[in-house]
Every structure is written in structure tokens, then in C-alpha cells.
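Student: 3D model of this:
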Amino acid sequence: PAEILAENQAKYAEARSNDKHRPDGTQFNDEEPLHEPVIEKIKDMVAEMPPEAAQIDELIDSIEPKSYQKNDMFDIGGEYAQMPIFDPVDTAIEEETPKNLNDKLKSGLKIGLNDRLSFIKHLFNGSTEDYNRVLSQLSTFQTSDEAKKFVQTMVKPDYNQWEGKEAQEEKFISIIDAKFGA
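Tutor: The predicted structure is shown next:
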């Protein structure tokens with residue numbers, strides 16, 4: 001056991017001295033610089049430039065720029081002595097009373113939680129989507145007669161004319177009447 005331990009330690013020391021890998025497994029080399037001298041590269045590139053590049057530079061330098069006088073002082077802001085012309089604005093503002101939440105709630109269908117659950121279960125066969133769709137359509141009507149006609153012709157036929165559910169039907173129609181003030 002002592003011989004094996006000494007042998008393993010020797011192998012470890014040798015491997016450690018020859019190790020050129022990082023702990024993550026990538027290799028590294030300390031002998032090469034990490035950056036290249038950029039200035040030397042630029043000097044090499046300038047030395048390698050063709051001679052016609054110098055001629056092009058001379059030609060560009062020989063071109064004289066045109067003399068141009070910028071004269072747009074009044075084009076940008078106009079004349080400051082002139083007053084701007086505004087269109088007259090009607091100052092009479094119609095007073096519109098903004099609808100608050102209470103006003104909005106008063107105008108809609110007033111259905112309590114118990115009635116809502118009863119209507120969904122009995123009149124709409126448990127379909128909340130159908131119930132909400134019908135209420136949305138009822139809110140678009142202007143009169144109680146239009147709403148009742150819609151219920152009689154479009155809604156009831158889809159649900160077996162609400163047979164045996166007359167109590168819930170009467171309550172539903174009375175809520176529609178209350179919405180329109182009938």
C-alpha cells in the first residue's frame with residue numbers, strides 16, 4: 001500500500017507538471033501573447049498599399065470645395081414679426097354628464113347571483129357561455145318587446161321551449177321588463 005501510494009503521488013506530480021489544460025478541459029498556452037500588436041499590422045498594411053492610392057489621395061485633396069452661402073434664415077421659422085393665424089374655436093361646450101359606474105350598472109340587467117345560477121342551470125342547460133351570449137344580445141335591444149321576441153323566437157327553441165321551467169322563465173322575463181322599465 002505504501003509503494004502504491006508513492007507511485008500514485010509520483011504519477012500525479014508528473015501529470016500536474018505536464019498539464020496544459022484548464023480545469024474546464026480547454027487548452028491554454030502561456031508562451032504566446034494574448035493580443036497581437038495592432039499598430040504593427042497597420043504599419044504593414046500602409047506599406048502594402050498600392051501606389052495609385054496615393055494618387056487618389058492627391059486628387060481628392062486637389063478638389064476645392066464649392067463656396068456656398070446658406071441663406072435660409074426666413075425659410076425655417078418664417079418672419080417673427082407676423083402673428084400666427086389660428087382658426088376660431090367654438091367655445092360653447094355641451095355639458096355631457098359622464099356615466100359613472102352606478103349609472104352604467106343601473107342601465108343593465110340586474111340579475112342576482114342566485115337567479116344567475118338558476119338561469120344557467122335550468123334555462124341554459126348549464127352553459128355559462130350561452131347565458132352570457134344571450135345577455136350580451138339582450139343588452140343591444142332598445143325595447144322590451146324586441147327583447148321578448150328575441151327570447152321567444154331565438155332562445156327558447158334551442159332549449160326545448162323551457163318546458164317545465166316556467167318559474168325560471170317568468171323570473172327571466174320580469175328581469176328583462178325591469179331593464180326596459182315596462
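
Student: any idea of the mean pLDDT for the longest helix seen in the chain?
Tutor: Longest helix in the chain by number of residues (criterion: DSSP state H): helix 2-18. Mean pLDDT, computed over helix 2-18, is 83.

Student: buried ones in it?
Tutor: When burial is assessed from 16 or more other Cβ atoms under 10 Å, helix 2-18 yields no buried residues. C-beta: built from backbone N, CA, C; applies to glycine.

Student: what about A54, helix or strand, and which?
Tutor: Assigned by DSSP states H and E, A54 belongs to helix 51-62.

Student: so which elements touch that helix?
Tutor: The contact analysis (3 or more Cβ pairs under 8 Å, 6 or more residues apart in numbering; DSSP states H and E) places helix 51-62 against no helix or strand.

Student: tell me the mean pLDDT for that helix?
Tutor: Helix 51-62 shows a mean pLDDT of 76.

Student: got the CA positions of it in CSV?
Tutor: Extracted in CSV, the C-alpha atoms of helix 51-62 (Å, rounded to 0.1, in the frame of the first residue of the first chain):
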residue,chain,number,x,y,z
PRO,A,51,0.9,53.4,-55.4
GLU,A,52,-2.3,54.5,-57.1
ALA,A,53,-3.9,55.0,-53.7
ALA,A,54,-1.5,57.9,-53.1
GLN,A,55,-2.5,59.4,-56.4
ILE,A,56,-6.2,59.1,-55.5
ASP,A,57,-5.5,60.9,-52.2
GLU,A,58,-3.7,63.7,-54.0
LEU,A,59,-6.6,64.1,-56.5
ILE,A,60,-9.1,64.3,-53.7
ASP,A,61,-7.0,66.9,-51.9
SER,A,62,-6.7,69.0,-55.1
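
Student: how about the helices in the chain?
Tutor: 2-18, 38-48, 51-62, 73-77, 101-107, 113-118, 128-138, 144-150, 166-180.

Student: nearest to D158, out of the ones you listed?
Tutor: With respect to D158, and counting by Cβ to Cβ, the nearest of the helices of the chain is helix 128-138 at 7.8 Å.

Student: just the residues contacting the closest one, thanks.
Tutor: Helix 128-138 has contacts (Cβ atoms under 8 Å, 6 or more residues apart in numbering) with 109, 111, 116, 119-120, 123-124, 147, 150-151, 155, 158, 176, 179.

Student: need the contact list for N125.
Tutor: Y159.

Student: that one and S139, how far apart?
Tutor: Distance of N125 to S139, given as Cβ to Cβ, to the nearest Å: 22 Å.

Student: show me where pLDDT drops low in the protein?
Tutor: Low-confidence segments of the chain (pLDDT under 70): 16-43, 45-51, 53, 68-84, 91-108, 182.
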